[in-house]
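K.L.:
From the sequence below, what's the structure:
(chains A, B, C and D)
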There are 2 protein chains.
Amino acid sequence: MGTLADHIEAYIKRMLQNSENRSIELSRAQLADVFSCVPSQINYVLATRFTLERGYIVESRRGGGGYIRIAHVQVEDDLTHAVNLLKGIGSQLSEQRMESILAHLRDLGLLSPHQCRLIRGIVQQESSSISQGKDVLRASLVRALLFYIIESES
Amino acid sequence: MGTLADHIEAYIKRMLQNSENRSIELSRAQLADVFSCVPSQINYVLATRFTLERGYIVESRRGGGGYIRIAHVQVEDDLTHAVNLLKGIGSQLSEQRMESILAHLRDLGLLSPHQCRLIRGIVQQESSSISQGKDVLRASLVRALLFYIIESES
DNA sequence: ACAGTTAAGGTCAGTAATAGTCAAAGAAAG
DNA sequence: CTTTCTTTGACTATTACTGACCTTAACTGT
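P.N.:
Reported below is the predicted structural model:
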């Protein structure tokens, strides 16, 4: 189950886990070969799943000896980082940004898959019951729930 | 007897029963095919019978490899009273009503003083940032936070 | 140095595969 | 007969994947 993109994502995350310093360097063409797909599929995975918002930095170089470097950034203390993420939520929050934030916190190990699902479900239920201002309500709900979780687990 | 929607509901519930961890993943189009109906019928069944209030979490993804995932989360008997209390919160919630709900739950031993303070703080923070519809936001926030707490403690 | 060749990676638009929404029509219940 | 629930389908939105074409860097022979 899961799409090709999901598998490539998992593969890269495994590599990051096994790496020394949460950063890896790989060859786009080789990786594409491993999964028997076109090289641009790798770009697709990187663009959709390894964004800065989710806590990843991707660098690359073309030409001979080219490479793609992926790092899972972790500057500060996880909790501080999470709190800053929450502060960064403004007065509105799209579904997409919510997903990025949840994915980010899950990658940091601060949220379990079950917690993510519960949050999604609650937010969906609540926001489906109003016709206007869904993004505003979502911002409040996500901030509230995540703040509660972070606060009561620390 | 029973409508098509009833049969689909029963079918999904059977699948959940037979599943490992009370959660299943299915394809909307395939399921619609099984019952020879239009795909949107599935959405109708999900929207009317598999709500969070009834203890179901529904997630989905569109696009290639899309899916619908349904999980049944059940709360312990002690908590059904609390869940009913939550259902009773309508689309608006005044501060007074919120206070009486919190007091009630604290008396039942379902909320600690610390949790009550935390909830009050979060609700106050969030509702102070908007000028209109405070009671509407409060209803959503309290429902969300209490549902989360009840669910994750059972 | 320079030009040409080779070896990477990047972009973008198009296609396919899903699921969601909404309003209108139909059926059932009161 | 009116109201509520069910069913349908046309239209919309999202996600995945591919391939043709573009850009950049290193190497190589003269």
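
K.L.:
Tell me the pLDDT of the residue of chain A found nearest DNA strand D.
P.N.:
Chain A approaches DNA strand D most closely through residue A:63 (2.1 Å), counting by Cβ to the nearest atom of the strand. Glycine gets a C-beta too; all of them are placed from N, C-alpha and C. On pLDDT, residue A:63 comes in at 92.

K.L.:
check which helix or strand covers it.
P.N.:
Counting by DSSP states H and E, no helix or strand carries residue A:63.

K.L.:
Next: residue A:98.
P.N.:
Per DSSP H and E: helix A:95-107 holds residue A:98.

K.L.:
What count of nearby residues applies to the residue of chain A closest to DNA strand D?
P.N.:
Counted with other Cβ atoms under 10 Å in any protein chain shown, residues neighbouring residue A:63 total 5.

K.L.:
Return the angle between stretch directions for the longest helix along chain A and helix B:134-152.
P.N.:
When chain A is parsed with DSSP state H, its longest helix is helix A:134-152. Here helix A:134-152 runs at 50 degrees with respect to helix B:134-152, directions being taken by axes from the mean of the first three to the mean of the last three Cα atoms, to 10 degrees.

K.L.:
Whether helix A:134-152 contacts DNA strand D - can you check?
P.N.:
No: for helix A:134-152 and DNA strand D, the contact criterion (Cβ under 7 Å from any atom of the strand) is not met; the two come no nearer than 11.8 Å.

K.L.:
Please tell me how far that helix is from the chain's geometric centre.
P.N.:
Taking Cα atoms, centre = their mean, to the nearest Å, one finds helix A:134-152 lying 17 Å from the centre of the chain it belongs to.

K.L.:
now do stretch A:15-26
P.N.:
With Cα atoms, centre = their mean, you get 16 Å for stretch A:15-26.

K.L.:
Could you pull out the buried residues of it?
P.N.:
Within stretch A:15-26, the residues scored as buried using 16 or more other Cβ atoms under 10 Å in any protein chain shown are A:16, A:23, A:24, A:26.

K.L.:
Show me what the last one bridges to in the sheet.
P.N.:
Yep, that's residue A:26 we're talking about. Beta-bridge pairing of residue A:26 under DSSP bridges involves residue A:68.

K.L.:
That one against residue A:16, yeah?
P.N.:
No: the pair residue A:26 / residue A:16 is not scored as a contact, 10.5 Å apart, by Cβ atoms under 8 Å.

K.L.:
any common contacting residues for these two?
P.N.:
Common contact partners of residue A:26 and residue A:16 (Cβ atoms under 8 Å, 6 or more residues apart in numbering or on different chains): residue A:70.

K.L.:
Residue A:134: neighbour count?
P.N.:
19.

K.L.:
Oops, could you answer that again for residue A:109 instead?
P.N.:
Using other Cβ under 10 Å, the number of residues around residue A:109 comes to 8.

K.L.:
Doesn't it belong to a helix?
P.N.:
No: judged by DSSP: H, G, I helix; E, B strand; the rest coil, residue A:109 forms no part of a helix; its state is coil.

K.L.:
How much space separates it from residue A:79?
P.N.:
Look at residue A:109 and residue A:79: by Cβ to Cβ, to the nearest Å, they are 11 Å apart.

K.L.:
With residue A:102 instead?
P.N.:
16 Å.

K.L.:
Between those two, which is the more surrounded one?
P.N.:
Legend: neighbour count by other Cβ under 10 Å for residue A:102 and residue A:79, higher for residue A:102 (21 against 14).

K.L.:
contacting residues for that one?
P.N.:
Contacts of residue A:102 by Cβ under 8 Å, 6+ apart are A:111, A:116, A:119, A:120.

K.L.:
mind listing what the nearest residue to the third one once chain neighbours are set aside touches?
P.N.:
The shortest distance from residue A:119 to any residue that is not its chain neighbour, by Cβ to Cβ, 6 or more residues apart in numbering or on different chains, is 5.4 Å, and that residue is residue A:145. Taking Cβ under 8 Å, 6+ apart as the contact definition, residue A:145 lies against A:119, A:122, A:123, B:144, B:145, B:148.

K.L.:
does the last one really touch residue A:146, like I thought?
P.N.:
No: using Cβ under 8 Å, residue B:148 is not in contact with residue A:146, being 10.4 Å away.

K.L.:
Residue A:76 - that's part of a helix, no?
P.N.:
No: under three-state DSSP, residue A:76 sits outside any helix and is assigned coil.
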